[in-house]
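> I'll drop the sequence and a predicted model, then ask my questions.
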Amino acid sequence: MDTNQDFDLDGIFDGLDAETPPAAAPAARDMTSFLRKIPVKLTLEVGGADISLADLCRIGPGSVIELDKIAGEPLDIKVNGTTIGRAEVVVSGDNYGLRVVELNDLQLDSLA
């Protein structure tokens, strides 16, 4: 059985004009829409403390460590570790929540 076939290629390129521009590229993705779908970690930071390793080794149940925030002061809202504003702690159902009191200018639209 002979599987070789002769093809007539005459005219296969007829109608194609070398001057014809390629089809328009698909519209650029809407990057803002894409970025809005990326999950991030939102945290509310109560405060921090610089202590020595020796003090850390002495910490146990009942230990009290003074933090660098004044009681009643709004806490830092962080997204992936970056401060984006300040908030107060509230109770929302059976969980803690936050009430935003200050929010930095979030310019997600300018990233696109």
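Ah, there it is.
> Alpha carbons only: can I get the biggest strand by length in the chain in PDB?
Determined from DSSP state E, the single longest strand within the chain is strand 82-92. C-alpha atoms of strand 82-92 as PDB (Å, rounded to 0.1, in the frame of the first residue of the first chain):
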ATOM      1  CA  THR A  82       2.000  46.400  54.900                       C
ATOM      2  CA  THR A  83       0.100  48.900  57.000                       C
ATOM      3  CA  ILE A  84      -3.000  50.200  55.100                       C
ATOM      4  CA  GLY A  85      -4.900  52.000  57.800                       C
ATOM      5  CA  ARG A  86      -6.000  51.900  61.400                       C
ATOM      6  CA  ALA A  87      -9.000  50.400  63.200                       C
ATOM      7  CA  GLU A  88     -10.800  49.600  66.400                       C
ATOM      8  CA  VAL A  89     -11.600  46.100  67.600                       C
ATOM      9  CA  VAL A  90     -15.400  45.300  67.700                       C
ATOM     10  CA  VAL A  91     -17.400  42.200  68.400                       C
ATOM     11  CA  SER A  92     -19.200  40.800  65.300                       C
END
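> Now do the helix or strand just after it: which elements does it pack against?
Going down the chain from strand 82-92, the next helix or strand is strand 95-103, by DSSP states H and E. With contacts defined as 3 or more Cβ pairs under 8 Å, 6 or more residues apart in numbering; DSSP states H and E, strand 95-103 has these neighbours: strand 75-79, strand 82-92. C-betas here are computed from N, CA, C, even on glycine.
> Can you give the strand pairings for the last one, parallel or anti for each?
In other words, strand 82-92. In the sheet, strand 82-92 lines up against strand 75-79 (antiparallel), strand 95-103 (antiparallel) (DSSP bridges).
> Residue 49: which of the helices and strands packed on strand 95-103 is closest?
Nearest to residue 49 among the helices and strands packed on strand 95-103 is strand 75-79; the distance by Cβ to Cβ comes to 14.5 Å.
> which residues touch that closest one?
With contact meaning Cβ atoms under 8 Å, 6 or more residues apart in numbering, strand 75-79 is reached by 40-47, 69, 83-89, 98, 100, 103.
> What subset of those residues is buried?
Among these, the ones that count as buried by 16 or more other Cβ atoms under 10 Å are 44, 84-87, 98.
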